[in-house]
Structure formats: C-alpha cells, structure tokens
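S.K.: Return atomic coordinates for the entry below.
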Amino acid sequence: MERLTRRKVMIGGGVGVGLVVAWGVWPRAYRANLAVAPGETGFGGWLKIGDDGHVTVAVPQLEHGQGVYTALPQIVADALGADWRTVGVEPAPLNPLYANPLALDDLLEGALSRLPAGFADTVARRGDLIVTGGSTSVRMFEEDCRIAGASARALLCRAAARRWGVDWRDCAVDNGFVTSATQRLRFAELAAEAARERLPDPLPIGGEGSGRLSGQSLPRLDAPAKVDGSANFAGDIRLPDMVHAAIRQGPIGDATLTRVDRTAADRIRGVLAVVENPRWVAAVATTGWAAQRALDALAPRFTSSARLIDSAAITRRLAAALDAPGETIAASGTIGTLLDGAGVVSADYRVGPGVHAALETTSATAAWRDGRLELWLPTAAPAAARAAAAQVAGLRETQVVIHPTLAGSSGATLDPLVAEQAALLAMQLKRPVALVWSRGETIAHDRFRPPAQARLRARLSANGAIAAWSAQIAAPSAGHALARRLLPGFTWALGTGDPYAVAGAQPPYRIPALAITHHPAALALPTGHLRGGMHGLTAFFTETFVDELAHVAGTEPLSYRIGMLGGEARLARCLTTVAALGGWNGGAAGSGQGIACHSLRGSHIAVLAEVETAGRPRVTRLVAAVDCGRMINPDLVLQQIEGGLIFGLAHAFGASTTISGGRTDVRGLAGLDLPRLADTPDIVVECIRSEAPPGGVAEIGVPAVAPAIANALHAATGIRRRDLPLRS
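M.R.: Predicted coordinates:
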C-alpha cells in the first residue's frame, strides 16, 4: 500500500487545485481479492458458496465480543435467503472495498470535517483504512451486505431459471434453495453457473424467501468455537519451529535501556536469545514461562533524560491547562456576561487515567519466511499494523501479510506497537515468534483513556431552566494521537482543535447560550480509545452537573431533564421508560436512586441506578432503557448493553491507576477494583422498538452508568462525588 502523505494528496499545484487533481486520479472501483478455495465459488468480495452448500461471509471488522461475526453474516444471509445452519464467517482481506470511513469520522469525532465533502471517504479507501471502532460495523456495512446477498440471490435465480426455462423473476429462495412452482435446486448445485450470470439492473433488494432472518435472535457464529476452546486468539497460534518471547519496556516517557544481566538470563533452562532495543528488551525461549523467567532474571534498567511523569504532575498540568485559554469546539447563542457575578452554579470534576483491563493481554505472532513477513494479531486497524510492521522491518508493505485473529480487547487493538515489536523479533531471529505481554506489562503500557479535569458553570433562569452553560475540559489531545496512528502523514488536516477530547460534552438539552472549550494538556502519557471514548467522561460531567442544577432549581431530576429535552423525543422516551421500569421515586434524600441519560452514535439510553451505602458503597440494581433503532439481532444488542453497563460500573469504581516515576502503581487485575460476580447488580434492560436506522450499540451502554451511580450516591448520602473513580 502506498503511504498517504500531504505531498501525494496535493499534487499539481495549490491546495485547491491539488485536491481536485488527486481526487480525479484516485480509483473509484476496486477488484475483490477474497480467497476462494477448491470447491468454492466466489460472489464478489463478500461471500462464497461451497459445493457442499456452505455459505461463507467475509467480515472486514474485528470480532472482539461485540458480535460482528454474527450481525454482518446475518444481513448477508437474510438478503440471500440462506439457511443459517450453513453460514460461516472468515476475516476479509485488506482491500479498499472494506474501508470504513464512518469509523474514521466517528472515532475522530468529525475532526476531518474541515476537508471537502466526501474527502474522508476517499482518504479511507485510498489508505485501505479497514477500521473497527465507533460502533460503526452495522451502520457502515448493512447496505453493502444486503447488496451482496441480493446480488448472489439474483444470480442464483437466473442460473436456476435458465435450467428450467422460466423467467428468473418468477423464482424465489427458501432456506438455501431456489424454487419455482414445484421445482427446487440447492444453492450448491447452482453456484458455479450463477457466478457466470450477469447482474440485473436495477438489482431487486428483498423478494420472496428473503427477509426472514433480520430482527431474529439467531445464535452467534463465534460462540461454539469459544466454548470448546478451538477459537484462535493471537496467543494460541502455533507454528513449526516457533519460539516464545516476553518483553519488558521502560517507564512511560523518554526512557532508554541501559543495562541487562545476560548471565543471569542464560542460567534459565530453555533460553535461546536476548534481543535489546533502545526502548525495550525481550527474552526468547522455548516456552512462554521460560521467557518470562529469563526476563525477570535480566533485571533490565532504564534511564531517562527528563523527569518521569507521575500522578501529581498530571494533576498540575491539567489544572494549569484548565486555567489557560482554551479552544471553542462547540457554541450556540451568546453567553456574554451571563456566567459572571453572583448566582452562577459551578462545579469542578476530575477523572484519572482509565485502563482497558481486558482479559486478553497484548500479543502477536510473527514469522519471516520466503521473503514475506506474516503477522497474526487482533487488530482493529490492519492497514496501520501492516504499515508499522513494514516500516520497522525495512520491507515493502506488499511483503507484509496480516492475519486478523479474534480479540479479547477493543480500543487497545487500534495501536500497532505490538505488531512492530513482533516484526522486529521475527526478522532478527529468523524464526516464528509468539510475543505475549505479561499482565503487568499490558497495564503499565496501556493506551490509557485520557485523564481530565472539567469546570462546568451554569446560570438558571427565573423558572429554574438553564439559561447559560459552559463546559471547560482540560485533557490531552487524544484524538490527534489516535489520528497519527491511523493516518500517518496526514495529520496536517486535523487543525488545532481536538473534538475527540470533548466528545459528548454538548448536552442534549435546550440551552439558549452554550460553550464547550477544550484546554489541551501536554502529558507524557500514551492515550488511546477506550470503549465509549471521552463520552464516558463527559456524560459524567454533564449528567452529574444537571442533577446538581435540578436540586438548585428545586425540581425532581427526571422532570427537570424531560422539561429541557425539547425535540429529543427518543431520549425522553428512554427516560420515562426507565423511570417506570425501575420504580423511580424521584431521587429523594435517602432513596439511593440516581438517573442519567446520554445519546451516542445514533442511539439513546437512560440508566437508573440504586445503591447501598452500609459500609462499602455497592450498586444493587441497574435499569436501562435503550433506543438503538432497528435491531438486526436483538440478543446481540442485549449482550452489548449488559456488557456496557458492567464496563461502565467497572470504570465508575475502578479500572484506573495512579502513576509514580513513570510506572503505573497497579500492575495486576487485583488492584483495579473491577466488579466481581458478587459485586454485579441486578440488571434490567428494555430495548425500545424502533424503525429508525440502526444506531451504534457497542458503546452506548457505558456513558450514563457513572453519573447515574454518582447521583444515586448523593441521594443516599447527601455527598457529591465529582471524581472518577468514585472511590478515589
């Protein structure tokens, strides 16, 4: 893949002329490169039909538990008229056909909106940006999947009609068969002939026999392999002559390796090599356990030319950034002097660095053979991983092959660092190598959800409504950092503001005068995208502050919110539904009930939390009402909402760490205060039926949990908690 740079885009003269010229020379159509095995017939880039009747759907999105290996095949199978029992799935190859510009736009929260309309789409396809993120899989690929299934169905009907001597429009499909009157032929019998037919124009979408699977809670395609252990994650890959590597990286920041004890490592049975890099050292052995023991024996030492970051420095720099001028990201109306003088309600909030804390630790397997570097890893950005591996290995990108595996993490897989490390080890050792980070290493060198400080101010009108609102948020420019990983050489287009850093901070309520400002904080802390992104922070700021304003106005919190929602009917319905479902009692003092809501990626949610405060605070019940539009598979939606609520609970009370001397103070799961089974509350989820287009589901369960719990704690104790985690 040719690397995309500003120079390559701006060919032919000035910016305006150059963009037009570049746009004109970039291709608009791409050939499918889906691998077809003997006994299979390919239909474009999305599906294959085997001689035994199996239907394989190519999925270009990373499966990390969200169910995309089921949802997208379900859309294809529905349009095709296939028997679900015959449907399988495989990862799609790198190809611009599968580029996901919607994920690029949503992950960067519109940072590329200053470019010409459609330019982000062109950039994504030119750069093979197959990105999983932003809850975009169904929203981006539903139409492509329906067209793919409908196209194959039309071709199969044409092939059958040619055999029977009938009009193909009189043919129907029925669970893997093409039918006409009393005649029936299996897809498998027609596939080879169908591939030689021509597509009708216009292509009919739907028809008899299709449309039976959409909206059904079909069983997950990835579940059986995960249950019986046959599913392959990166750490499960086994290759001939493979060795195992463990790695130790220096403290966060500018740290350089200065000393290792090779003699001590050589005493460990099974040790084969020690590989040193300015930023890390790896021990290579016949087993992973031997490699880890050798790594401990190496006792690596690192030095830094600058003072290493710690939590106190993070707090100081965020506070200084908050007091410095910021950049306005969103504004409406005129605040003027409304937020000056007496009567202004103000609150400051703080959030510590968040960790992914996934079950799977960071890992990748790499092999250099026959002039080609192959990598097996869970990556949400395979093109970025391929480019990074090729660069460090000194190879052309055409010499690097990425084999996406199932993932046990989500946002962390956007980072290509482990691909670089595995590539270097494979090239140096000239043997296949499995690199697995330890749990401590995975936490210590996570791509953290950014820490932040916020100052919210508001003035209420005579009737208690919000007349003016200001949200100042100090946070690192995490969106720009993410863009540098996804779009190397193209960050010139981002400008100075970072919408990602304040994503979700604009309240859904009618407020006449409003301003959202980002105050960039320069922190030597690697940041990344964590489920829900900054919405997990900004919803906490907004919905906790709205509760405070409701108390100032002397209004019950639910009524206060609904009274200000205006045209946001779907969110209002979520609020009224969750109140009825959860037995909302007004959030009165001593009730232990709190409520919050949020909208994200075209979906809406309201959460009611109930807490007990006898001893350690404990959430006893979470009730959620969700409107995510039309559902392809209701069970997948329910799983994602329930998982999001638990994820939000984890980050409400933990999943964060302090930092000392460039190292995280937490090195294992035990120190993260993650919810255990005994801590898990009763969970009730109501999915509101809707015919609106599908919204994002993977992240919507997260943002409203922490503010609902914080508001419930205030109702129980009378104490406002404005810091996350809430136990800090």
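S.K.: buried ones in the helix or strand hosting residue 349?
M.R.: According to DSSP states H and E, residue 349 maps onto strand 345-351. Neighbour-count burial for strand 345-351 flags 345, 347, 349, 350, 351 (criterion: 16 or more other CB atoms under 10 Å). Bear in mind the C-beta positions are built from the backbone N, C-alpha and C, glycine included.
S.K.: Rebuild the residues you listed as JSON lines, extending it with distance to residue 404 and pLDDT.
M.R.: Shown next, in JSON lines, are the buried residues of strand 345-351 (distance: CB to CB, whole Å; pLDDT from 0 to 100):
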{"residue": "345", "distance to residue 404": "49", "pLDDT": "97"}
{"residue": "347", "distance to residue 404": "44", "pLDDT": "98"}
{"residue": "349", "distance to residue 404": "38", "pLDDT": "98"}
{"residue": "350", "distance to residue 404": "37", "pLDDT": "97"}
{"residue": "351", "distance to residue 404": "32", "pLDDT": "97"}
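S.K.: mind giving me a markdown table with the residues you listed and columns for distance to residue 512?
M.R.: Output for the buried residues of strand 345-351, formatted as a markdown table (distance: CB to CB, whole Å):
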| residue | distance to residue 512 |
| --- | --- |
| 345 | 16 |
| 347 | 20 |
| 349 | 23 |
| 350 | 29 |
| 351 | 28 |
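S.K.: quick check, nearest of the residues you listed to residue 719?
M.R.: Ranked by distance to residue 719 (CB to CB), those are led by residue 347 at 13.3 Å.
S.K.: Okay, and the beta partners of the closest one?
M.R.: Beta-bridge partners for residue 347, by DSSP bridges, are residue 456.
S.K.: Who are the contact partners of it?
M.R.: 455, 456, 544, 545, 548, 720, 722 (CB atoms under 8 Å, 6 or more residues apart in numbering).
S.K.: how much space between it and residue 665?
M.R.: If you measure residue 347 against residue 665 using CB to CB, to the nearest Å, the figure is 28 Å.
S.K.: that older thread, and of the contacts of residue 347, the nearest to residue 76?
M.R.: residue 544 (43.0 Å).
S.K.: That closest one and residue 349 touch, don't they?
M.R.: Yes: using CB atoms under 8 Å, residue 544 is in contact with residue 349, at 7.3 Å.
S.K.: Looking at the chain, which helix is longest?
M.R.: For the chain, the helix with the greatest residue count under DSSP state H is helix 137-164.
S.K.: List the buried residues of stretch 473-489.
M.R.: 473-483, 485-488.
S.K.: same question, stretch 453-461
M.R.: 453, 454, 455, 456, 457, 458, 459, 460.
S.K.: can you pull the contacts of the first one?
M.R.: Just to be clear, that refers to residue 453. So, once contact is read as CB under 8 Å, 6+ apart, residue 453 ends up touching 315, 318, 319, 321, 322, 348, 349, 350, 351, 473, 474, 475.
S.K.: A strand includes it, no?
M.R.: Yes: the assignment for residue 453 by DSSP: H, G, I helix; E, B strand; the rest coil puts it in a strand.
S.K.: Could you measure from it over to residue 348?
M.R.: For residue 453, the distance to residue 348 - CB to CB - is 7 Å.
S.K.: do the last one as well
M.R.: The spacing between residue 460 and residue 348, counted by CB to CB, is 19 Å.
S.K.: Repeat that for the second one.
M.R.: Residue 454 is 7 Å from residue 348, where distance means CB to CB.
S.K.: Could you do the fifth one as well?
M.R.: From residue 457 across to residue 348, the span is 10 Å (CB to CB).
S.K.: ok, now residue 197?
M.R.: Residue 197 sits 66 Å away from residue 348, going by CB to CB.
S.K.: what about stretch 634-652, distance to the chain center?
M.R.: Offset of stretch 634-652 from its chain centre (CA atoms, centre = their mean, to the nearest Å): 14 Å.
S.K.: helix or strand right after the helix or strand where residue 263 lies?
M.R.: Using DSSP H and E, residue 263 sits within helix 262-266. Scanning forward in sequence from helix 262-266 by DSSP H and E, the next helix or strand is strand 271-276.
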